[in-house]
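A.B. asks: Following is a predicted model, sequence given first.
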Amino acid sequence: MKIILTEKITGLGTIGDTVEVKTGYARNYLLPNNKALRWSRENVALFEAQKAELQARHENARKAAESKVDAVKNAKMYMIRQAGDTGQLYGSVSSRDIARTLKEVANVEISSAQVMLGAPIKSIGAFDTKIALHPDVIVPIKVYVARTNDEIEALVAGKVLTFGTKKVEEESETKKEPKDEAEVKETEVSAESEKSEPAEEK
């Protein structure tokens, strides 16, 4: 679908740009949120009439976002989660979780779409991501995920957490089986031959 952007969209364009996007993206997000107009001669004229107002609104939004930068940078993004002995989480930490935590610890309200996380976090550790307060105001943050406050403190101090694998190795040794059917047969033949051999005479 061909649209006219009424605000800057990261990775798409800036105010006034005419771009082609998927119909679903336009209908479900851009148009309902007044971020774009469906392209037509009438809407081109409408945009030109509103251009100065839209640019002023964009600038005010950028300034409002800049006023929140320090709060986001100083936010303690500590996530306590349950995890196994290998450090894998029982579940994950999503963009929505990060947005919720930012609201709780820094009183900065954002949508999950503003968290530039990519894939959900599925293990214990310290993770770098970014918060797009505005298309022109993107703030890097670090998210710490651990099982306990002690582990969080260790991660904040720059320490690398290690997780034991002894239990896993022991279990694999206990359950170890012959590699294939040939090895099973060879083991059985060997056992039978030992039984059939006569004992040595003294």
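C.D. replies: Perfect, thanks for sending it.

A.B. asks: So for stretch 69-77, first residue to last residue, what's the gap.
C.D. replies: 15 Å (C-alpha to C-alpha, to the nearest Å).

A.B. asks: mind listing the helices in the protein by residue range?
C.D. replies: Counting by DSSP state H, the chain has helices at residues 23-25, 41-66, 69-73, 95-106, 149-156, 166-174, 181-196.

A.B. asks: The spatially closest residue to L12 that is not a sequence neighbour: what's it in contact with?
C.D. replies: Distances taken as C-beta to C-beta, 6 or more residues apart in numbering put V19 closest to L12, at 6.0 Å, once the chain neighbours are dropped. Just so you know, the C-beta spots here come from the backbone N, C-alpha and C atoms, and that holds for glycine as well. Applying C-beta atoms under 8 Å, 6 or more residues apart in numbering, we find V19 in contact with K2, I3, L5, L12, G13.

A.B. asks: redo that, cut-off 10 Å
C.D. replies: The contact partners of V19, taken as C-beta atoms under 10 Å, 6 or more residues apart in numbering, are M1, K2, I3, I4, L5, I9, L12, G13, A26, L30, A36, W39.

A.B. asks: Go through the helices of the chain and find the least confident stretch.
C.D. replies: The minimum mean pLDDT among the helices of the chain belongs to helix 166-174 (a mean of 38).

A.B. asks: In contact with the residue lying closest to V156 once chain neighbours are set aside, which residues are there?
C.D. replies: Among residues not flanking V156 along the chain, Y144 sits closest, at 6.2 Å (C-beta to C-beta, 6+ apart). By C-beta under 10 Å, 6+ apart, the contact set of Y144 is 76-80, 124-127, 151-156.
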